[in-house]
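Asker: Turn this into a structure:
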Amino acid sequence: MSNLYNFPSHFVYWEKIKNHKEIKENILPLILEHSDRLSYTSDESTIDYFKKYKCRTDFFSKDNFLNNLFREYRYEDIIIWNTIDNLLAHKDLKISHSPKESNIIKIWYNVYSPGGYHNVHTHGYSPGFSGIYILDLKEKNSTTFFNGGETFLEETFELSDVEEGTVVIFLNSLKHFVQPCLKNRVTLSFNINSPKITKN
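Answerer: Next up, the predicted model:
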């Protein structure tokens, strides 16, 4: 028996969406139109956020715009649940527990202008997953994941080769950031809560 035990660690999983072109054609114009309206209907602190990060987002909005859009076009399964099912079935995934049931907490979009970025952050520490769907990208992807802790365990993982039309899934406690982009970019983000878990 080995005298070294490695705890299951964070992971990053990505998968291309087969009918991405159709999805982009249907919802990108609607998202851009909605984000333009936010520029003059949001409160002052939200506008300041947009200016600071050069990114318009409906994260702070209460109108459930993206939730309603996903339901209207029936994209929830295609983008979120099918991808998570494929992740959990992956032979190389090393997690100690598998979710028994899950539900969507929040879905939002991010419309980046050139120079747009986000600092290191997580999507929370409740049991569950987070995801990013890269809806529109005209350059190398600048999303970077950061596994912190002791100095000799720290590492970053860049998704520079991950293309438009890809969904990225990770534990919502995994730190990540977006390096400044050079061109316009649109992503959809979501948080999934998995309150009940069961051992494999």
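Asker: ok, L38 to F59 distance?
Answerer: 10 Å (C-beta to C-beta, to the nearest Å). Where you see a C-beta, it was placed from the backbone N, CA and C, and this is true even at glycine.
Asker: Of these two, which one has the most company?
Answerer: Remark: of L38 and F59, L38 carries more neighbours, 20 against 15, as counted by other C-beta atoms under 10 Å.
Asker: Look at that one and give its secondary structure.
Answerer: Three-state secondary structure (criterion: DSSP: H, G, I helix; E, B strand; the rest coil) places L38 in helix.
Asker: That one: what's it in contact with?
Answerer: T46, F50, R56, D58, S61 (C-beta atoms under 8 Å, 6 or more residues apart in numbering).
Asker: and what of N184?
Answerer: N184 makes contact with V111, Y112, S113, P114, D136, K138 under the criterion C-beta under 8 Å, 6+ apart.
Asker: Only C-alpha atoms, please: export the host helix or strand of K24 in PDB.
Answerer: Under the criterion of DSSP states H and E, K24 resides in helix 20-41. Output of helix 20-41 as PDB, limited to C-alpha atoms (Å, rounded to 0.1, in the frame of the first residue of the first chain):
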ATOM      1  CA  HIS A  20     -23.300  26.100 -32.300                       C
ATOM      2  CA  LYS A  21     -23.800  28.000 -35.500                       C
ATOM      3  CA  GLU A  22     -27.600  27.800 -35.200                       C
ATOM      4  CA  ILE A  23     -27.500  28.800 -31.500                       C
ATOM      5  CA  LYS A  24     -25.200  31.800 -32.300                       C
ATOM      6  CA  GLU A  25     -27.400  33.000 -35.200                       C
ATOM      7  CA  ASN A  26     -30.600  32.800 -33.000                       C
ATOM      8  CA  ILE A  27     -29.500  34.400 -29.700                       C
ATOM      9  CA  LEU A  28     -26.400  36.500 -30.300                       C
ATOM     10  CA  PRO A  29     -28.300  39.500 -31.900                       C
ATOM     11  CA  LEU A  30     -30.800  39.400 -29.000                       C
ATOM     12  CA  ILE A  31     -28.100  39.400 -26.400                       C
ATOM     13  CA  LEU A  32     -26.300  42.300 -28.100                       C
ATOM     14  CA  GLU A  33     -29.500  44.300 -28.200                       C
ATOM     15  CA  HIS A  34     -30.300  43.500 -24.600                       C
ATOM     16  CA  SER A  35     -26.700  44.500 -23.500                       C
ATOM     17  CA  ASP A  36     -27.100  47.800 -25.400                       C
ATOM     18  CA  ARG A  37     -30.200  48.600 -23.400                       C
ATOM     19  CA  LEU A  38     -28.400  47.900 -20.200                       C
ATOM     20  CA  SER A  39     -26.000  50.700 -21.000                       C
ATOM     21  CA  TYR A  40     -28.600  53.300 -20.300                       C
ATOM     22  CA  THR A  41     -31.100  51.500 -18.100                       C
END
